[in-house]
Structures are given as structure tokens and as C-alpha cells.
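Student: I would like the atomic coordinates for the input below:
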Amino acid sequence: MLLADLLDLVLPATCAGCDGPATGPLCEPCRAALAAVRPGRTRPVPEPEGLPPVFALAAYAGSLRRMLIQYKERNRHELAPVLGGLLARVVAASVPAGAGPVTLVPVPATSAAARRRFGDHMDRLALAAAATLRRRGAEVRVEGLLRALPKREDSTELSAAERARAAAHAFAVRGRGRPAGAVILVDDIITTGSTLAASAARLAAAGVRVHRVAVLAATQRAA
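Tutor: I've put the predicted structure just below:
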């Protein structure tokens, strides 16, 4: 019985997308459903000033929402290659034609969140996405140009205006390099867009233009 319990911890027997039986991270129906989704342009309402064009895989709902929760809050790190592959599809759809090399800049987690999740969840996804894109022949690198500052308050209960004010002081820029080609800011979810707009503004102040934003899921909330 102990061996079975240990195997369940190491190799979960349930699908991260629907909680059904699975031999890997996802069951076949969830895998097929996600494979059929096509990334597209999305906009939060209202759209914050300075937000670069945003592309998302799908709405923050259903299997994708459950996968992200399992990955971030249940530490199912075996989902990183799957989610990274999905993020790679969004990046590929977002890159401007003729942009040349691509630099992925992950929106960083705070130190407290990274400790809780045994590492920065977006760093893992950005690296997995870059690896997928390189296998397809793209010239891609990941640059940790942003550093998250300690949060003053929990943003989940804030209004859109309050989130915007908090996001303006949430990040610092590491270094002053100017990547060649297209700079794509990557994150897991877009809600109001305040965090992404603030991240892009911080990078712009350091001389780095963000051309596009690529996220896995898009949701909206009231202002």
C-alpha cells in the first residue's frame, strides 16, 4: 500500500485537466481538445494604456484553468513541458512577420511565491516554450530581465484601478541589455492587463521595447 501511495505522488493517475483517469499528465480527450485550440488576439476590458498586443491560447476556463491551478498551486511540475508547449504555440502566433530572433521575457513571481512553488513557475514555462520553438527551427532565448518586488497586498481582492496602482510598483529591471529581434513578454494568465502593462512600461524605461505579450489564458473581471 505504501508503494502505491508513493507512486501516486510521483506519477499522478488522474488527468490534470479533468480529474479523469490518465497514464500521463493529461487524458487523451483533454490532450485532443487543447491541440484543437488556436491562439488568437485578446484584449481586457477596459484595456490599460501601454499594453502591447496580447495573444492567448484560450479562456481561463475548463481544462486549461484546472491545469494551471494544478501546476501552480498543487506543484504538478510534470505539467511544465505540456504547458510550455502550449505557450510555444501562442508565441509562434504572436511574433511579428520578419521579426528575426525572439527573446522571451517571463513575468517573474515574487520570492515568496517561488519558494512556495519550488521555483518560478513562469521561468519553467518560458524555458519549455523556448525549447519547443528551437526544435521547430526558431532562434529563441529566454532573458530574465524583470525582478518582482515584494507584494504589499493580495491583488486578488483589488479592483482594476487598485491592481494598476499596485502593478506600477511591482517590478524592477535587471541589467540594461537591448535584445535583438522581437521581445515577447510571457505570462500564464491575463486578467485586467495591469501587471503586463506595468512590466512593459518598466522594460521600455530601460530601453527594451516589448513587441507582443503571449499568455496561456485570458479572463476578465469587473473594474
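Student: remind me, longest strand of this protein?
Tutor: With DSSP state E setting the assignment, residue counts place strand 182-190 as the longest strand in the chain.
Student: pretty sure residue 200 contacts residue 210?
Tutor: Yes - with contact defined as CB atoms under 8 Å, residue 200 and residue 210 form a contacting pair (4.2 Å). (C-beta placed from N, C-alpha, C; glycine too.)
Student: surely residue 133 and residue 93 touch.
Tutor: No - under the criterion of CB under 8 Å, residue 133 makes no contact with residue 93, lying 11.6 Å away.
Student: look at those two and report which has more neighbours.
Tutor: residue 133 (22 against 16; other CB atoms under 10 Å).
Student: pretty sure the more buried one belongs to a helix, no?
Tutor: Yes - with the criterion set as DSSP: H, G, I helix; E, B strand; the rest coil, the secondary structure at residue 133 is a helix.
Student: so what's the closest residue to it other than its chain neighbours up against?
Tutor: For residue 133, ignoring the flanking residues on the chain, the nearest one in space by CB to CB, 6 or more residues apart in numbering is residue 140 at 4.6 Å. By CB atoms under 8 Å, 6 or more residues apart in numbering, the contact list for residue 140 reads 91, 101, 102, 103, 104, 129, 130, 133, 134.
Student: so what's residue 140 bridging to?
Tutor: Going by DSSP bridges, residue 140 is paired in beta bridges with residue 102.
Student: any idea how far it is from residue 68?
Tutor: Computed as CB to CB, to the nearest Å, the residue 140 to residue 68 distance reads 22 Å.
Student: on that earlier part again, between residue 200 and residue 210, which contacts overlap?
Tutor: In terms of CB under 8 Å, 6+ apart, residue 200 and residue 210 are both contacted by the residues 52, 185.
Student: so what's residue 87 closest to, chain neighbours aside?
Tutor: Once flanking residues are discounted, residue 87 sits nearest to residue 129: 4.2 Å by CB to CB, 6+ apart.
Student: quick one: the one you found is in a strand?
Tutor: No - with three-state DSSP as the criterion, residue 129 is located in helix rather than a strand.
Student: is it true that it touches residue 92?
Tutor: No - using CB under 8 Å, residue 129 is not in contact with residue 92; the gap is 9.3 Å.
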